[in-house]
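K.L.:
Just the structure for this:
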Amino acid sequence: MDNPKSGLNAVAEAATQAPGKGLPPVHLWHPEHCGDIDIVIRADGVWMHEGSPIGRKELVRLFSTVVRKDPDGYHLVTPVEKLKITVEDLPFRAVAMRREGDALIFTTDVGDEVRASEADPIVVETDPTTGEPAPRIHVRRDLWARIARSVFYEIVEMAQEVDGRLVVRSGGQIFSLGAVT
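P.N.:
From the prediction side, this is the model:
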């Protein structure tokens, strides 16, 4: 069992210590790397620990607030520990979208809300293996959410054709979804 002040327990404690309702300032924390922890964020958005899904949504939300991407990969970070995790695709999934005025607002599978804008762009790449679009939206710092297929279909339905490309507008920005074929 984990020491009460290390591993998952330390991550959970650090996340709950964040002042106010904002996110913990993981970008300001620079602890030594403490090793790997057997947490996998699968491509379908399921968080696994030691081969089993983490069933408590509150715990997944808590851990999601202390995820950081560094040059050597993804980590759960506290003021005193840095534990490497595995992320199969992107750490989050955009599972819902709504329009508010001229903005598209996405909700992730861990409860974050992101307004598509210059700071938080929508990017659509083509999967080199399947040729399928691989849309994503920036969430915070260097963390992105894969836009779920059903949400992407909603975006495509509201898109307009401009110069042979499908585009959507949000927050005064234009985002290309890809070429019209």
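
K.L.:
for the protein, what spans make up the helices?
P.N.:
Along the chain, the segments classed as helices by DSSP state H run 7-16, 57-64, 149-158.

K.L.:
between those helices, which has the poorest average model confidence?
P.N.:
Here the lowest mean pLDDT among the helices of the chain goes to helix 7-16, at a mean of 58.

K.L.:
which stretches of this structure have low pLDDT?
P.N.:
1-21 (pLDDT under 70).

K.L.:
which residue sits farthest out from the middle of it?
P.N.:
Most distant residue from the mean C-alpha position of the chain: residue 163, 30.9 Å away (C-alpha atoms, centre = their mean).

K.L.:
roughly how far apart are residue 142 and residue 151?
P.N.:
22 Å (C-beta to C-beta, to the nearest Å). Yep, even glycine has a C-beta here, placed from its N, CA and C like the rest.

K.L.:
ditto for residue 70
P.N.:
Counting by C-beta to C-beta, the gap from residue 70 to residue 151 is 28 Å.

K.L.:
In terms of neighbours, single out the busier of residue 142 and residue 151.
P.N.:
A direct count of neighbours by other C-beta atoms under 10 Å for residue 142 and residue 151 places residue 151 higher, at 21 against 13.

K.L.:
now the more buried one, nearest residue through space, not along the chain?
P.N.:
Sequence neighbours aside, residue 97 is the residue nearest to residue 151 in space, at 5.0 Å (criterion: C-beta to C-beta, 6 or more residues apart in numbering).

K.L.:
For the one you found, grab the count of nearby residues.
P.N.:
As a burial measure, residue 97 scores 22 neighbours (other C-beta under 10 Å).

K.L.:
I figured it hits residue 113, correct?
P.N.:
No: counting by C-beta atoms under 8 Å, residue 97 stays clear of residue 113, with 10.2 Å between them.

K.L.:
shared neighbours of those two, anything?
P.N.:
Residues touching both residue 97 and residue 113 (C-beta atoms under 8 Å, 6 or more residues apart in numbering) are 105-107.

K.L.:
what sits against residue 138?
P.N.:
114, 119-121, 123, 144.

K.L.:
could you redo the last one with a cut-off of 10 Å?
P.N.:
By C-beta atoms under 10 Å, 6 or more residues apart in numbering, the contact set of residue 138 is 114, 116-123, 144-145.
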